[in-house]
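Peer 1: Could you work out the structure for the sequence below:
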Amino acid sequence: MSTSTTTEYRAATPTGKIANFVDTRVGLSPIVKEFGRKIFPDHWSFMFGEVALYTFVILLLSGTFLTFFFDPSMAHTVYEGSYKPLYGVEMSVAYASSLDISFDVRGGLFMRQVHHWAALLFVAAMAVHMLRVFFTGAFRRPRELNWVVGSVLLVLGMAAGFTGYSLPDDLLSGNGLRIIDGVIKAIPVIGTYISFFLFGGEFPGYDIIGRLYILHVLLIPALILLMVVIHLFMVVVHKHTQYPGPGRTENNVVGYPIGPVYAAKAGGFFFIVFGIIALIAGLFTINPIWNYGPYDPSPVSAGTQPDWYIGWVDGALRLMPGFIGAFPFEWQLPLGFLGEDRFAQHSPIHDVWTLFPGGTNSLVWNVLLPMVPAAILIGTMMAWPWIERWITKDDREHHILDRPRNAPTRTGIGVAGIVWYCTMWAAASSDLVATHFHISLNDVTYWLRAIFFVGPIIGFIVTRRVCLALQRKDREIVLHGREAGVIEMTPEGAFRERHERLDDYRLYKLVSFESKRPVPPQPGRDGKASGSEKLRARLHRWFYEERVEPVTREELAEAKTHDHHDVPPAVDTSLKGQPPIEH
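Peer 2: Next up is the predicted model:
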């Protein structure tokens, strides 16, 4: 019988003993070994996702501080704090505690502003990160579900911002809640009941602040944290995308490991983000609730807008007309407008019909229809990976990113969506635009309505043409090189400018892309192309009919024989230093 012995590791330092104690009981070393050697590409555009993660951490830290002092109660009280202009004013306990945080808690105002600025940056970083993923095609297989997770994160971020923005119960946030109440009540049949349930009675009720508080500090952060974990897990499982370059293929990742290089850079970047937010919070006031006063349903402040990530919905409401000519968008439907006697007594249809409130039902289309653009934007965003895959019939795995100029139709669609969003966003400040530039509010509204319909089309056309022009410019640079700024005279007496040859890295970047061609309708099993297949083929032709072919090997070899490529390529100092690791 043979026996084996193992020697137990004993650390020599206090830190090593603590690490060994934890490792022998929870087995962290295999996990650290696996994740510590994970390779991540190094590119500046990847930092937007990191900014979103770091601002979420800052939100958790600052929000925890604020929960110690905030009282989410709508009970009435008389303010007796240190802010004298509101001394003796009747207000809700929630608003009074917000004033106490701002003026009587040491560091309270600073933490409030850190929390608010971090919330703005959190949503902005997620939005820019999603745009980077969209324009580079990083949402394609196998990352479709991760794209949906990111879309849900963006929606949850907006929900978290709105619920937190409404908690102080000041006049500004109360007006925002009044808009939400109006939208809810515009829902046919059930809108009034939902409003009564949500607000705890007729607006403003007595329960909305407490319910928003639970959503803001418990449910939504938990869902965001869950989505972040799922998102990072998928990033690790699918491996990171990377931009095209020498040595980079669909089967490898060229970059730096998490430890120690990437971890050190990420840790330092976190403190940079934290410091910038703290600097902004200390120097610039945001949401001065003491200027607005407690919420009162009777007055409405002029020149007020919600935070930018909710403003586009408010802008859509402002753009919607109440009438077009003599056609009204508010319909009054009587209970028997189809004739109640047309339905048999005690029939299912009759039972449903009697659920309508007595008298008339209002269908307020000028409140409901502005919600359609929000549904279109969010729905199209979530479904886009499958929409593009169906159009292009491209079901391959993609780990190399596209340059936006090499996908002109997709880039044009993205810019059209941005123009559409920004038009609604600008409409939320239409009154301020009118007063600051001394122009008619009606003129501002009419122009924004026109841009709402025409702007995305113009943005798509211009962006697509710019992308194709940039592709042609890249092709010219590959074949003829860059102008060196040196003029010479040939033996024949002609003057010409010398051209600089590209180094291998820039050359690979400009030529390594796939030029897809339109695919005709494919017949089914019966030998005929279905209507959906014909539609797909038309969309596919629209996607790829206008394109610029990449430079071929033969064209490049012929171009290198030209005698004007006689200046050596410039040295790319950015590639010097520690070589990246290929995994």
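Peer 1: Could you grab the helix/strand/coil label for Y256?
Peer 2: Recorded secondary structure, Y256: strand (DSSP: H, G, I helix; E, B strand; the rest coil).
Peer 1: partner residues bridging it?
Peer 2: Taking DSSP bridges, one finds F40 as the beta-bridge partners of Y256.
Peer 1: Can you verify my assumption that it contacts A264?
Peer 2: No: taking C-beta atoms under 8 Å as the definition, Y256 is not a contact partner of A264, at 9.9 Å. For every residue, glycine as well, the C-beta is placed using N, CA and C.
Peer 1: So which of the two has more stuff around it?
Peer 2: Y256 (20 against 12; other C-beta atoms under 10 Å).
Peer 1: mind checking how far the more buried one is from G417?
Peer 2: 34 Å (C-beta to C-beta, to the nearest Å).
Peer 1: quick one, what contacts the residue nearest to the spatial centre of the chain?
Peer 2: Nearest to the mean C-alpha position of the chain, counting by C-alpha atoms, centre = their mean, stands A127 at 2.2 Å. By C-beta atoms under 8 Å, 6 or more residues apart in numbering, the contact set of A127 is L154, Y309.
Peer 1: Helix or strand for it, just tell me which one.
Peer 2: Here A127 sits within helix 108-136, counting by DSSP states H and E.
Peer 1: can you pull the buried residues of that helix?
Peer 2: Within helix 108-136, the residues that qualify as buried are 108-136, counting by 16 or more other C-beta atoms under 10 Å.
Peer 1: Kindly report the same for stretch 521-531.
Peer 2: Counting neighbours by 16+ other C-beta under 10 Å, stretch 521-531 gives P521 as buried.
Peer 1: Quick check: end-to-end length of that stretch?
Peer 2: 9 Å (C-alpha to C-alpha, to the nearest Å).
Peer 1: Just the residues contacting it, thanks.
Peer 2: E533, K534, R536, A537.
Peer 1: possible to save the residues you listed as a markdown table with neighbour count, distance to Y213 and secondary structure?
Peer 2: Compiled in a markdown table, the contacts of stretch 521-531 are given as follows (neighbours: other C-beta atoms under 10 Å; distance: C-beta to C-beta, whole Å; DSSP: H, G, I helix; E, B strand; the rest coil):
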| residue | neighbour count | distance to Y213 | secondary structure |
| --- | --- | --- | --- |
| E533 | 15 | 52 | helix |
| K534 | 13 | 54 | helix |
| R536 | 19 | 48 | helix |
| A537 | 18 | 53 | helix |
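Peer 1: Quick check: the farthest pair among those residues?
Peer 2: K534 and R536 (7.3 Å; C-beta to C-beta).
Peer 1: now V548, nearest residue through space, not along the chain?
Peer 2: Among residues not flanking V548 along the chain, Q471 sits closest, at 3.8 Å (C-beta to C-beta, 6 or more residues apart in numbering).
Peer 1: no, scratch that, I was asking about Y544
Peer 2: K516 (4.8 Å).
Peer 1: That neighbour: how many residues sit nearby?
Peer 2: 14.
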